[in-house]
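K.L.:
What follows is a protein structure lacking sequence information:
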């Protein structure tokens, strides 16, 4: 049975003062707040989305909701729990709050909380939104902490935070859910919330959130010993999760009784834990999953995968996409090789960035795993919905019409004529020279890409094809030099 656990305050009557005092304040929602002020009305952008049976990932961000700050939020769903990774990077130290609203009774563990004065955030009218909080408790910690929201005869919602120095944890009671307009909530009651605070210029809030009826299946959540990793202890084993948000590389390795049972990931070229290599491929695969099932290895892979190497000392049979597939053994590893078509790897730009007004290079490597030579060229093209994707990043999202910004367009590059200000067709149709690829060989193609000075600074989906084989790549256009000015 599914339950709604994470609360949004919904809405209120335009005649209710709390519409502005609480419901439209960022602290009333489940997203980061900077300097106890509310976000501006601005667009966000998608960074990554991927779904496999064992792992789902969604990542997005914005550099507009708080001037001078970059916000990126990434969610990793694994079965009955998910990780919330919220990265904040600012030009100077700021007060950064991460709030979570839910139902029922809230108990905080791992930090000693002390009752705060009712005017901790100022007597009304004080700090907007914060001055609506009551029964405020707070405490500081350098260690891990957790909280449990409990609803009788329903269950529990648990939040676990990894240890971070100089963290202050708050517990409070908020105004009730809104009851006007479409939602029409009849049972309005004040609700509990928790938020953690750091005063810093750059940080990550890393939390594990799990809903459970009786006992949780997760017993601990902590940073791993290797960069970008987290370790989750479960009742039947452990999960190791890797999250490189910048490169959009994610993987999950599940182990039970010290033996691997599942590996799932995106943008994966190699999976290593400690000194053990569990998986490697010729190039990063957009998605990959395998499950160890006794003498069988069940594999999900894209059509283009080149050659895959998996630790599987006891495996006697391999299924790829639900069908038996040939493999070759190399000691404790098995090798699975693509038998038809080609595999396309985008080598550069590694950070997906193209610079305005400069000659850039897109480097593509093509693998030919077949027994026959091939020839062809690399072509760049745009998806059919490129215009819609572009406009979503340049124009106002809709919101409240009378709050529409009049300065959304870039003002620092007044170039005439602005041919490509709302157009990315300058990349559409670019192609390389024709090359031949021997049987079992690989060839590298280099495409010069000159970005116009007046090109829109957006993230575009680009289709990169060799014959009928197509891969999709996100390319970000930005200025080669940027500067931020801090006003006293």
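P.N.:
Okay, I see it. Just so it is clear, the model here is predicted, and its values are computed rather than measured.

K.L.:
Give me the below-cutoff pLDDT ranges for the stretch 101-250 of the chain.
P.N.:
Counting by pLDDT under 70, the low-confidence segments of the stretch 101-250 of the chain come to 180-186.

K.L.:
Helices of that one, start to end?
P.N.:
Per DSSP state H, counting those that start in this stretch, the stretch 101-250 of the chain has no helices. Nothing in it meets that criterion.

K.L.:
Would you map the strands across it?
P.N.:
When secondary structure is read from DSSP state E, counting those that start in this stretch, the stretch 101-250 of the chain shows strands at 105-109, 114-115, 134-141, 145-151, 155-161, 167-174, 191-212, 218-223, 229-234, 237-244, 249-256.

K.L.:
State the pLDDT value of residue 46.
P.N.:
On the pLDDT scale, residue 46 is placed at 84.

K.L.:
For it, give its distance to residue 382.
P.N.:
For residue 46, the distance to residue 382 equals 17 Å [Cβ to Cβ, to the nearest Å]. Where you see a C-beta, it was placed from the backbone N, CA and C, and this is true even at glycine.

K.L.:
Distance check, the residue of the chain positioned farthest from its centre against residue 366.
P.N.:
Here the chain reaches farthest from its C-alpha mean at residue 372, the gap being 40.4 Å by Cα atoms, centre = their mean. As defined by Cβ to Cβ, residue 372 lies at a distance of 14 Å from residue 366.

K.L.:
hang on, isn't residue 380 packed against residue 447?
P.N.:
Yes: because the distance of 6.7 Å satisfies Cβ atoms under 8 Å, residue 380 is recorded as touching residue 447.

K.L.:
shared neighbours, these two?
P.N.:
Shared between the contact lists of residue 380 and residue 447 (criterion: Cβ atoms under 8 Å, 6 or more residues apart in numbering) are residues 362, 430-431.

K.L.:
Contact partners for residue 194?
P.N.:
Neighbours of residue 194 in contact, by Cβ under 8 Å, 6+ apart: 99-100, 106, 108, 147, 159, 169-172.

K.L.:
Among the residues you listed, list the two that are farthest apart in space.
P.N.:
Of all pairs drawn from the contacts of residue 194, the widest gap by Cβ to Cβ lies between 159 and 172 and measures 14.9 Å.

K.L.:
so what's residue 397 scoring on pLDDT?
P.N.:
Per-residue pLDDT puts residue 397 at 49.

K.L.:
same deal with residue 19?
P.N.:
Model confidence at residue 19, given as pLDDT, is 81.

K.L.:
Checking my notes, it in a helix, right?
P.N.:
Yes: remark: residue 19 belongs to a helix, assigned using DSSP: H, G, I helix; E, B strand; the rest coil.

K.L.:
dump the residue contacts of it.
P.N.:
Contacts for residue 19 were tallied using Cβ under 8 Å, 6+ apart; they are 11-13.

K.L.:
how much space between it and residue 336?
P.N.:
If you measure residue 19 against residue 336 using Cβ to Cβ, the figure is 58 Å.

K.L.:
repeat for residue 485
P.N.:
Residue 485 sits 54 Å away from residue 336, going by Cβ to Cβ.

K.L.:
Just want to know which of these two has more residues nearby.
P.N.:
Between residue 485 and residue 336, residue 336 has the larger neighbour count (other Cβ atoms under 10 Å), namely 23 against 6.

K.L.:
Look at the more buried one and give its secondary structure.
P.N.:
Following three-state DSSP, residue 336 is assigned to strand.

K.L.:
so what's it scoring on pLDDT?
P.N.:
Per-residue confidence for residue 336 comes out at a pLDDT of 93.

K.L.:
ok, now which ones touch it?
P.N.:
Here residue 336 is in contact with 299, 301, 305, 307-310, 318, 320, 325, 327 (Cβ under 8 Å, 6+ apart).

K.L.:
between those residues, which is closest to residue 440?
P.N.:
For residue 440, the nearest member of those is residue 307. The distance, counting by Cβ to Cβ, is 10.3 Å.

K.L.:
So that closest one sits against residue 368, correct?
P.N.:
No: shown here, residue 307 and residue 368 do not form a contact pair, counting by Cβ under 8 Å, at 12.0 Å.

K.L.:
So for these two, which sits in the more crowded spot?
P.N.:
residue 368 (24 against 16).

K.L.:
OK, contacts around that one?
P.N.:
Residue 368 makes contact with 342, 374, 437-443 under the criterion Cβ under 8 Å, 6+ apart.
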